[in-house]
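# Here is my input, please return the structure:
(chains A and B, ligands or ions: 4)
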Amino acid sequence: MLSNPDSDVVLSVTDVVTQFDTADGRVHAVNGVSFDVREGELLGVVGESGCGKTVTMMSLVKLLPMPPGEIVGGSALFEGQDLIQTDIDALQKIRGGRIGFIFQDPMTSLNPVLTVGYQLTEALRLHKNSSKSAARQRAVELLELVGIPMAKDRLDDYPHQFSGGMRQRVMIAIALSCDPKLLIADEPTTALDVTIQAQILDLVKTLRQELGMAIIWVTHDLGVVANLADRVMVMYSGFVVERADVEKLYRTPKHPYTYALLRTLPEMEGERAQRLESIEGQPPDQLQRPDSCPFAPRCAYAFERCTQENPLLEFVSEGHEVACWWNMEKNAPREAS
Amino acid sequence: MSDTHLSEPLLQVKNVKQHFPVTAGLLRRQVGMVKAVDGVDFDLFPRENLGLVGESGCGKTTLGRTILHLYRPTEGQILFKNADLTLLKPSALRALRPKMQMIFQDPQDSLNPRMTVGSIIAEPLDEHSIIKDKERSNRIEELLDAVGLNPRYTNRYPHEFSGGQRQRIGIARALGLNPEFIICDEPIAALDVSIQAQVVNLLEDLQEKLGLTYLFISHDLGMIRHISKRVAVMYLGKIVELGPAHELYSRSQHPYTKALLSAVPLHDPGREAKRERIILSGDVPSPANPPTGCPFRTRCPVAETRCATSMPEPKNLGLGHWVACHLME
Ligand SMILES: Nc1ncnc2c1ncn2[C@@H]1O[C@H](COP(=O)(O)OP(=O)(O)OP(=O)(O)O)[C@@H](O)[C@H]1O
Ligand SMILES: Nc1ncnc2c1ncn2[C@@H]1O[C@H](COP(=O)(O)OP(=O)(O)OP(=O)(O)O)[C@@H](O)[C@H]1O
Ligand SMILES: [Mg+2]
Ligand SMILES: [Mg+2]
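Ligands and ions are numbered 1, 2, ... in the order given. As a prediction, the model looks like this:
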C-alpha cells in the first residue's frame, strides 16, 4: 500500500458548494463536497458526465468563470491556507507551482498561437526562476518523460501539429514541470492509447513513491482507477454518494449507482455481451437543490424514503462511506444510525 | 486487405497516403515530411462496423479526415459507393457530403462557442436540406432526445455543458442528415462509462435501424471488442493487423497487437495486480523519420535483422485475418 493513513493531509476540502447562473435559472453543480487527500495518496474521482467533477476541482483553484459561476461556500485547506478565501493573484502563484493541474480539454488549455516549448518553459521561468536555457533543457526532459519522440525537435512546434494524445501528454508535462505537492488531473489519459497510458500510469506511480506527490485523478475509466487509486470517490449530481478503499469499492459496492456503473463495462475476456448494461434515464436537471435522493428516479432499489429525504454520506464499515437509504447486502432499508 | 463478403464494399481505401510537409525557419522552407498515413488499404462493407485502434499519433484521425476528403490524400484512392472521391468535382463531392459524417475526437474543435446548441445541430440541416420552422425544431428536439440530452437545452451554449454532454451534441449533429457512413473518432472517450454504454447502445441501435456503416476509432480495446466485428490495428501510418474481432482478441499475431492487448487496464484490482504485461521499450518513432523496414521493429520484442531491411507485406492467414510481420513467414 502506498498511502499511510497517518501521513499528512495535503488537501482538506469541506462542504464546497458551487452554482451557476444560466438563462434557465441557477444550476446547482456542486452541493457540498468534502474530502481529504494525503501525501503520496491517489484519490480517484468517478461519476457520470455532468455530475460536477470538473467544477469541484475548478472551484478549489478558482478556475471557474465567475460570474456566471459562484462558489457559495466551503473551504479547501492546502498547506495551512484556505484556497477558497485566497485571492486570484495569490492563487496564480500556487497554480502551476505547488498545485499542478491537468485539464480535461487539452486544446482549450494549450494556447494555439504559442509553441509547445514556450508554454512548457513559461511555468518553469515563472515559478522556479529558471534561466532560459535551463528551462529548455528541462522542457526536453519532461517531454521525453511523457514519451514524446524527438522531443528536442518538437519544442518549436505549435499545438495543432501534435495529435490529440500528444497534446494531452504536453499538458501532463506542464503540470509536472514544477514538482507540485498536489496534482489535480482531470481526465488526463482519455485521449491516450493503452500503451502510452500504461507508461504514464507507471510514471505517476513513481512520482508518488519518490516525491510523495498527492494526486486527485478524475476519470470515467474504472480500469484506470482499479489500477492506480488507493481510494475512490463516486459523485452523482453534485454529491459524493460513495467513498471507499479501491478494493472494497470494486468488491462490494454499496451504492446502487456504483453497482450499476461497474456493470456497464465491456469485458475483455469471455462471451461478448449482446448489449451493454446501461443505466437508463438521465441525471436530474440541477435547477433545484434536491430534497430527496437525486438517484432515486433511476434506481432499481428506490423505496418510499428515497423520494422524501436525501441521504447523507455515512460511515458504514471500515474505510467505506455511502449515501443511500438501502442496504444492498441485507437487501433491506438501512437502519438508522 | 479485403474480406470475403457477398455485397459490394461501401468504401474502398486503396494505398492511401497523407504526408504533411514539415517547414522550418523564417522562410518556412520544407525540411521534411510527416508520413501521418503511409499506404493504407481496406474495404468497408455496408452495415459493417470496423474498429480502428492504435497508439496516439499513429494517424487514425488523419486517416479518417482523409477518407472524408477533409484533406486531399497525397496518394491513393478512396472509393465511396464506387465513386472515386479523389476525382470528383467539388459540387459532386458536396452532394455526397451528407452521406458521410464524422463525430470528432475533440468536441471543442467542432462546436462553435458562440452558437446555441440548437443552431449547432441545425447547421448541417440548413446547409443541405430544406426543412423549416416547426419541422426543423421538431427535428432538433428529436436529435437531442436521441442522444439523451434534454430537448429543453436547445438555447444553451456549449460551455454550459459538461465535457460528456458536449460530445453528445456532436453526435446529434452528425446524425441530422441521415448519413450512411459515419466515422466515429473516439466518440466515447470523453464520456463516463454509464453514458458510454448508453451511447454505444444508441450507435448500435441506429446502425440496426438506419443501416449505418461505421469506422470506429478508439483506443478502448474493450469497447472495440464489444462493438466491432472486424478490427484494424494501425502503427505509424500503416495497418499492421486486420481481422475478425474474435480472432484478433484470442489469437493476435502481430507483436504490437499482443502488447496493446496486454496493456488494457482490467476493471478488477485483484486480477489487475496479478497479470503479466508486455511493456514496450523504446520511444514511439516520429512519423517524420520512421524506421527503415518494419515500422514497429524499434520497439518489437522479437525483431530480427531482416525486419530492418524491408517492410513486411500483409499476409493472409485465412478467415479474413491479415498480418504484416516478417515472423509470420
Ligand atoms: N459555465 C457553466 N455555466 C452553466 N453551467 C455549467 C457551467 N459549467 C458547468 N456547468 C454545469 O455544471 C454541472 C457539472 O459540470 P462538470 O463539468 O463539473 O461535470 P463533470 O462531472 O466534469 O462531467 P464530464 O465527465 O462530462 O466532464 C453540469 O450540469 C454542467 O452543465
Ligand atoms: N496538420 C498537420 N500538420 C503536420 N503534422 C500533422 C498534422 N496533423 C497531424 N499531424 C501529425 O500526424 C501524426 C498523426 O496524427 P493523428 O492526429 O492522425 O494521430 P491519431 O492516431 O489520431 O492520434 P490520437 O490517438 O492521439 O488522436 C502525428 O505525428 C501528428 O503530429
Ligand atoms: Mg469534467
Ligand atoms: Mg486522433
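# Residue 216 sits in which helix or strand?
Chain wasn't specified; assuming chain A. In the assignment (DSSP states H and E), A:Ile216 maps to strand A:214-218.
# The intended chain is chain B.
B:Phe216 belongs to strand B:213-217, assigned by DSSP H and E.
# Can I take it that A:Met171 is in a strand?
No. According to DSSP: H, G, I helix; E, B strand; the rest coil, A:Met171 belongs to no strand; its state is helix.
# Pull the distance from stretch B:75-84 to the chain's centre.
Relative to the centre of its chain, stretch B:75-84 is centred 17 Å away, using Cα atoms, centre = their mean, to the nearest Å.
# What are the buried residues along that stretch?
B:76, B:78-80 (16 or more other Cβ atoms under 10 Å in any protein chain shown). (Glycine included, C-beta is placed from N, CA and C.)
# same question, stretch B:264-282
For stretch B:264-282, using 16+ other Cβ under 10 Å, the buried residues are B:264-269, B:272, B:280.
# hmm, it touching chain A?
Yes. Interface with chain A: stretch B:264-282 contributes B:264-270, B:272, B:277, B:279-280 (Cβ under 8 Å from any Cβ of the partner chain).
# What mean pLDDT does that stretch get?
Averaged over stretch B:264-282, pLDDT sits at 72.
# how many neighbours does the residue in the stretch 201-337 of chain A that ligand 2 sits nearest to have?
Across the stretch 201-337 of chain A, the shortest distance to ligand 2 (Cβ to the nearest ligand atom) belongs to A:Asp221, at 15.0 Å. A:Asp221 has 24 neighbours, counted by other Cβ atoms under 10 Å in any protein chain shown.
# Name the nearest of the buried residues of stretch B:264-282 relative to A:Asp87.
B:Pro265 (40.3 Å; Cβ to Cβ).
# Quick one: residues contacting that closest one.
Contacts for B:Pro265 (Cβ atoms under 8 Å, 6 or more residues apart in numbering or on different chains) come out as A:194, A:197-198, A:201, A:221, A:223-224, A:226-227, B:272.
# and it, how far is that from B:Asn201?
The spacing between B:Pro265 and B:Asn201, counted by Cβ to Cβ, to the nearest Å, is 23 Å.
# relative to its centroid, which residue of chain A is most remote?
Seen from the C-alpha centroid of chain A, the residue lying at the greatest distance (Cα atoms, centre = their mean) is A:Ser133, 33.8 Å away.
# how about that one, secondary structure?
Taken by three-state DSSP, the conformation at A:Ser133 corresponds to helix.
# ok, now how distant is whichever residue of the stretch 151-300 of chain A sits closest to ligand 3 from A:Phe103?
Nearest residue of the stretch 151-300 of chain A to ligand 3 (Cβ to the ion) works out as A:Asp186 at 5.9 Å. Separation of A:Asp186 from A:Phe103 (Cβ to Cβ): 6 Å.
# Next: B:Asn150.
B:Asn150 sits 26 Å away from A:Phe103, going by Cβ to Cβ.
# Can you pick out the residue with more neighbours from the two?
Using other Cβ under 10 Å as the criterion, B:Asn150 and A:Phe103 rank with A:Phe103 on top: 22 against 14.
# Need the pLDDT of the closest residue to that one other than its chain neighbours.
The shortest distance from A:Phe103 to any non-neighbouring residue, by Cβ to Cβ, 6 or more residues apart in numbering or on different chains, is to A:Ser109 (4.2 Å). A:Ser109 is assigned a pLDDT of 74 by the prediction.
# what do you get for A:Ala336?
For A:Ala336, the model assigns a pLDDT of 64.
# Output the lowest mean pLDDT helix or strand found in the chain.
In the absence of a named chain, chain A is used. Least confident helix or strand of chain A, by mean pLDDT, DSSP states H and E, is helix A:106-109 with a mean of 62.
# my bad, the chain I had in mind was chain B
Between all helices and strands in chain B, the lowest mean by mean pLDDT, DSSP H and E belongs to helix B:107-110, at a mean of 66.
# is ligand 1 contacted by the next helix or strand along the chain from it?
Counting by DSSP H and E, the next helix or strand C-terminal to helix B:107-110 is helix B:117-128. No. Using Cβ under 6 Å from any ligand atom, we find that helix B:117-128 stays clear of ligand 1, coming within 11.4 Å at best.
# and helix B:117-128, what's its mean pLDDT?
Helix B:117-128 comes out at a mean pLDDT of 89.
# circling back to that earlier point, the strand holding B:Phe216 pairs with which strands?
If you go by DSSP bridges, strand B:213-217 pairs up with strand B:49-54 (parallel), strand B:181-185 (parallel).
# what distance separates the very next helix or strand once past that strand from the centre of its chain?
Downstream of strand B:213-217, the next assigned helix or strand under DSSP H and E is helix B:221-227. From the chain centre to the centre of helix B:221-227 is a distance of 13 Å (Cα atoms, centre = their mean).
# same deal with stretch B:20-39?
The answer for stretch B:20-39 is 24 Å, by Cα atoms, centre = their mean.
# strand partners of the strand holding A:Ile216, parallel vs antiparallel please.
strand A:42-47 (parallel), strand A:182-186 (parallel).
# Any stretches of the stretch 51-200 of chain A with poor pLDDT?
The stretch 51-200 of chain A contains residues with pLDDT under 70 at A:105-108, A:190-193.
# returning to that earlier point: which other residues reach the strand holding A:Ile216?
A:10-11, A:37-46, A:53-54, A:57, A:104, A:181-188, A:204, A:207-208, A:224-225, A:228-229.
# List buried members of the residues you listed by neighbour count.
Buried by 16+ other Cβ under 10 Å: A:10-11, A:37-46, A:53-54, A:57, A:104, A:181-188, A:204, A:207-208, A:224-225, A:228-229, out of these.
# just to revisit the earlier point, what distance do you get for the residue nearest to A:Phe103 to B:His326?
On the measure of Cβ to Cβ, A:Ser109 and B:His326 end up 43 Å apart.
# if we can go back for a sec, is ligand 3 contacted by the strand holding A:Ile216?
No. Judged by Cβ under 5 Å from the ion, strand A:214-218 stays clear of ligand 3, getting no closer than 6.7 Å.
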